[in-house]
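> structure, please.
(one chain, ligands or ions: 4)
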Amino acid sequence: MGSVDASETTVTGWAARDATGHLSPYTYTLRKTGPEDVVLKVKYCGICHTDIHQVKNDLGASKYPMVPGHEVVGEVVEVGPEVSKFRAGDVVGVGVIVGCCRDCRPCKANVEQYCNKKIWSYNDVYTDGKPTQGGFASAMVVDQKFVVKIPAGLAPEQAAPLLCAGVTVYSPLKHFGLMTPGLRGGILGLGGVGHMGVKVAKSMGHHVTVISSSNKKRAEAMDDLGADAYLVSSDADQMAAAADSLDYIIDTVPAKHPLEPYLALLKMDGKLVLMGVIAEPLSFVSPMVMLGRKTITGSFIGSMDETEEVLQFCVDKGLTSQIEVVKMDYVNQAFERLERNDVRYRFVVDVGGSNIEDAA
Ligand SMILES: NC(=O)C1=CN([C@@H]2O[C@H](COP(=O)(O)OP(=O)(O)OC[C@H]3O[C@@H](n4cnc5c(N)ncnc54)[C@H](OP(=O)(O)O)[C@@H]3O)[C@@H](O)[C@H]2O)C=CC1
Ligand SMILES: O=C/C=C/c1ccc(O)c(O)c1
Ligand SMILES: [Zn+2]
Ligand SMILES: [Zn+2]
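Numbers count the residues shown, from 1 in each chain. Ligands and ions are numbered 1, 2, ... in the order given. All right, here's what the predicted structure looks like:
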C-alpha cells in the first residue's frame, strides 16, 4: 500500500483505460475504512474469462479506468471497529460481489448474488459514489460480509480460483440437487471454471464426461484431472454414441454456440446449466426440451455461505486448482493467452510479489 493520510489510502492497480483491454499501472484512493470494513493487502488474484469480457466491453457496460480481478486472496492489515470475523494477519478472500441491499428476498435467503442491487467488485459504483476496483491492485477495502477466511490447509494462490471458478460450479450442483454420488455429469469447455467442474464433480462421486472443442486436452483431462470420458463436440459419431447419457451439463463456453447438440446428450429430466457470459441470443427448437422434460437453466457464482463451503470442501477432499502463477507485468500476455485458450487452467497473478507500487 502507498501513502496514508487522515482519510484515504493511495493504492496502485493495473487498469484498462479503454476496450482494447490493455492493462497498465493506475493510482487511485481507497475509501476511508468504515466500521464494518476490512482492508486487505492483495497477495494473489486469479484471471477469470469474465475479466476479459469486462475489460473488452463485451457486455457494453464497461467503465474505465477499470481495475479487474475478482478471485482475490490477501492478508488483513486493518479492520473497522465493528468487524468481528477478522483481524490483522488473517488470510482472506474476496470474490465477484462486495455489496447487496440486505433487504430483498434473495438477500434475506442468503443468496445475495441474486440481489438486484448487488455491487460488483469492479466496474460498479460503491455506496459512497466511488467506482469499485478489483484485485489486480496492492490493496482493497471490503465490507466484512463479502470477505471469507481462507481455511488452513489451502495455499493462498490455490485458493484464488475457488473464489469464482470453484464456487460457480459448486453452487448449481448443490442448488439443483446434483450432489448425489453416481450421477453422470458433463463439463462443456475445459477452462478455468470447467477444470474445477471436473474436480468438484469427481469428488462428489460423479461419472464425468468432458466435452471439448478439440482433442488437445484429452490426455490431461483423463490422466491429470480424472475425467471418465472425453468427447470432441465436432465429432458427430462420438456425440451420437453419447446421446441420452448425462444427468447434467455445466456449460462454460464463453461464446455463442448451438445448444441442441448438448441437449441431445441429456437423459430425461437432465439439466443444461449455462455459465458462460454470452451477449447474443442462443437458440434451440422446443421439442429438444419437451421430449425428455429437459431443463435449460443458468447459475451465477454462489452465495457467501457457499463460498465458505467450497473452500472447506476443497480442503476436506484434498482438491487443488491447476494454476500457472505469473507476475503482474505478465498480465497482458496472460489475458491474451487466456483468450486464445492457452492456459492449463487458470492464471493466478502473484500481486504481492510483484512490487506493483514501484511500477506507478
Ligand atoms: N455464471 C457465472 O457465475 C460465471 C460465469 N463465468 C463465465 O464462464 C465462461 C467461462 O469462464 P472461464 O472458465 O474463466 O473461461 P476459460 O476461457 O478459462 O474457459 C472456457 C473454455 O471454453 C472453451 N471455449 C472457449 N472459447 C470457445 C468457443 N469459441 N467455442 C467453444 N468453446 C470455447 C475452451 O475449452 P475447450 O478447449 O475444452 O473447448 C475454454 O477453455 C466465461 O464466459 C465467464 O465469463 C465465469 C465465472 C462465473
Ligand atoms: O465471473 C463471474 C461473473 C459472471 C457474470 C455473470 C453474468 C454477467 O452478466 C456478468 O457480467 C458476469
Ligand atoms: Zn469470474
Ligand atoms: Zn438484496
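
> please enumerate the strands of the stretch 51-200 of the chain.
For the stretch 51-200 of the chain, the strands defined by DSSP state E, counting those that start in this stretch cover 72-79, 91-94, 97-99, 119-120, 139-143, 147-149, 184-188.

> other SSEs contacting the third one?
Put plainly, it is strand 97-99. Packing partners of strand 97-99 (3 or more Cβ pairs under 8 Å, 6 or more residues apart in numbering; DSSP states H and E): strand 119-120, strand 139-143. Using the backbone N, CA and C atoms, a C-beta is placed for each residue, glycine as well.

> list the residues that contact the nearest residue to residue 82 once chain neighbours are set aside.
Closest residue to residue 82 apart from its sequence neighbours, by Cβ to Cβ, 6 or more residues apart in numbering: residue 35 at 4.0 Å. The contact partners of residue 35, by Cβ atoms under 8 Å, 6 or more residues apart in numbering, come to 80-83.

> isn't residue 98 up against residue 135?
No: at 10.8 Å, residue 98 does not count as touching residue 135 under the criterion of Cβ atoms under 8 Å.

> between the two, which is the more surrounded one?
residue 135 (32 against 23; other Cβ atoms under 10 Å).

> residue 40 is in contact with the more buried one, correct?
No: with contact defined as Cβ under 8 Å, residue 135 does not reach residue 40; the gap is 9.3 Å.

> mutual contacts of those two, please.
With Cβ under 8 Å, 6+ apart, residue 135 and residue 40 have common neighbours 72, 74, 94.

> got the contact list for the residue in the chain positioned nearest to ligand 1?
Nearest to ligand 1 in the chain, going by Cβ to the nearest ligand atom, is residue 191, at a distance of 1.8 Å. Contact analysis of residue 191 by Cβ under 8 Å, 6+ apart lists 49, 252, 254, 338, 341, 343, 345.

> how about the backbone phi and psi for the last one?
Put plainly, it is residue 345. phi -120, psi -10 (degrees, to the nearest 10).

> for burial, what's the neighbour tally of it?
24.

> tell me, how many residues neighbour the residue lying closest to residue 171 once chain neighbours are set aside?
Nearest non-adjacent residue to residue 171, counting by Cβ to Cβ, 6+ apart: residue 302, 3.3 Å away. Residue 302 sits with 26 neighbouring residues when counted by other Cβ under 10 Å.

> do you know the pLDDT at the residue in the chain positioned nearest to ligand 4?
Distance from ligand 4 to each residue of the chain (Cβ to the ion) is smallest for residue 115, at 3.0 Å. Looking at residue 115, its pLDDT stands at 98.

> can you check the one 10 residues further on too?
As predicted, residue 125 sits at a pLDDT of 98.

> hang on, isn't it packed against residue 131?
Yes: shown here, residue 125 and residue 131 form a contact pair, counting by Cβ under 8 Å, at 6.0 Å.

> re earlier: quick one: the contacts of residue 35 as a markdown table, columns for pLDDT, neighbour count and distance to ligand 1 too.
Listed next are those as a markdown table, based on pLDDT from 0 to 100; neighbours: other Cβ atoms under 10 Å; distance: Cβ to the nearest ligand atom, whole Å:
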| residue | pLDDT | neighbour count | distance to ligand 1 |
| --- | --- | --- | --- |
| 80 | 98 | 17 | 29 |
| 81 | 98 | 9 | 34 |
| 82 | 98 | 10 | 30 |
| 83 | 98 | 20 | 27 |
